[in-house]
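A.B. asks: requesting a structural model of the entry that follows:
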Amino acid sequence: PLNTERSERIETVRKAQIELVNEKEKLQDLESALSKLDQVTKETEETCQNEELGSEYLEAVRTLVKSMKNCPGLTGAVFEIPAFRKPVFLVVRLPGGSDP
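C.D. replies: A predicted model of the protein is given here:
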């Protein structure tokens, strides 16, 4: 009985050690993939930072211009677009409208 219990515990420890090795390998793979992803993300952020900001603002303007068509009496708008050095003003006039 004592030897059987001891053998079972030894086998349990052996299986746990094998599982631990397998999990460590998975962890190393994940850490490597995460490191590569971080590097690519940083490079992409540096490359696309300005384009991304511009796209966000342009999409917001596009959405606003589209939604203005649903507002009776609204014929245009002036948007202040933030920039790195100075603001830029964009005037949008809907067809058939007068000054905003």
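A.B. asks: state the phi and psi torsions of N70.
C.D. replies: Note on N70: backbone dihedrals following degrees, to the nearest 10 are phi -90, psi 0.
A.B. asks: element containing the most centrally placed residue in the chain?
C.D. replies: The centroid of the chain falls nearest to T41 when counting by C-alpha atoms, centre = their mean (9.5 Å). Assigned by DSSP states H and E, T41 falls within helix 2-68.
A.B. asks: show me what that helix is packed against.
C.D. replies: Counting contacts by 3 or more C-beta pairs under 8 Å, 6 or more residues apart in numbering; DSSP states H and E, helix 2-68 packs against strand 76-81, strand 88-93. Where you see a C-beta, it was placed from the backbone N, CA and C, and this is true even at glycine.
A.B. asks: chain center to that helix: distance?
C.D. replies: 13 Å (C-alpha atoms, centre = their mean, to the nearest Å).
A.B. asks: now swap in stretch 56-75 and tell me
C.D. replies: That offset, for stretch 56-75, works out to 25 Å (C-alpha atoms, centre = their mean).
A.B. asks: buried stuff in that stretch?
C.D. replies: 57, 68 (16 or more other C-beta atoms under 10 Å).
A.B. asks: please report phi then psi for T75.
C.D. replies: Dihedral angles of T75 (phi, psi; degrees, to the nearest 10) stand at phi -110, psi -10.
A.B. asks: ok, now how distant is it from L58?
C.D. replies: 21 Å (C-beta to C-beta, to the nearest Å).
A.B. asks: also S67?
C.D. replies: 15 Å.
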